[in-house]
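[1] Whatever this is, show me its structure:
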Amino acid sequence: QVQLVESGGGLVQAGGSLKLSCAASGSIIFSLNAMGWHRQAPGKQRELVAAISAGGSKNYVDSVKGRFTISRDNTKNTVYLQMNSLKPEDTGVYYCNVAGTIATMHKGMGYWGKGTLVTVSS
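    Predicted coordinates:
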């Protein structure tokens, strides 16, 4: 069984920063898997905002490029999302996802956390 636990969400003013963490545990080798963060904004479709492959390649959705940074610590089975210059449109529930590849992550496959809420006030 695989468990993903997100933390670090909260309320922040526009222009502020937050750092999300996702600690993974269970019966897979996390260093061999891609890890990422999806966002479910109110009234919008869920989107993959940042992902990092097993080899360390990083992908970002255009709206967060230059503001968000994804990283991973394989010794801790943890993935991070540093979010700077936050905007109200970044508001949403952020879900951690672990899957074989970034491509399968786009399809919603793999293991999921329960999500952490980020609210950016204007």
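[2] My reading is that G43 lies in a strand. Confirm?
    No: under DSSP: H, G, I helix; E, B strand; the rest coil, G43 sits outside any strand and is assigned coil.
[3] what's around it, how many residues?
    6 (other C-beta atoms under 10 Å). Just so you know, the C-beta spots here come from the backbone N, C-alpha and C atoms, and that holds for glycine as well.
[4] The residue nearest to the spatial centre of the chain sits in which helix or strand?
    Centroid check for the chain by C-alpha atoms, centre = their mean gives W37 as the closest residue, at 2.1 Å. Element membership of W37 [criterion: DSSP states H and E] is strand 34-40.
[5] May I have the beta-bridge partners of G26?
    Beta bridges link G26 to V2 when assigned by DSSP bridges.
[6] check contacts around it.
    Counting by C-beta atoms under 8 Å, 6 or more residues apart in numbering, G26 makes contact with 1-3, 111.
[7] And for V118?
    By C-beta under 8 Å, 6+ apart, the contact list for V118 reads 9-10, 12, 18, 20, 83, 86, 90-94.
[8] For it, identify the helix or strand it belongs to.
    In this assignment (DSSP H and E), V118 forms part of strand 116-121.
[9] That strand pairs with which strands, parallel or anti?
    strand 10-13 (parallel), strand 92-99 (antiparallel).
[10] before we move on, the earlier item: most neighbours of all the contacts of V118, which one?
    Neighbour counts for the contacts of V118 peak at M83, which has 27 neighbours (criterion: other C-beta under 10 Å).
[11] and that one, what does it touch?
    Applying C-beta under 8 Å, 6+ apart to M83 gives the contacts 17-20, 64, 67-68, 90, 118.
[12] Just give me the closest of those to T78.
    Distance to T78, by C-beta to C-beta, is smallest for L20 among the contacts of M83, at 10.5 Å.
[13] shouldn't C96 be in contact with Q3?
    No: applying C-beta atoms under 8 Å as the test, C96 and Q3 come out as separate, 10.5 Å apart.
[14] how far does stretch 51-58 sit from the chain's center?
    Relative to the centre of its chain, stretch 51-58 is centred 12 Å away, using C-alpha atoms, centre = their mean, to the nearest Å.
[15] typed the wrong thing, it's stretch 18-38
    Centroid separation for stretch 18-38 versus its chain: 9 Å, with C-alpha atoms, centre = their mean.
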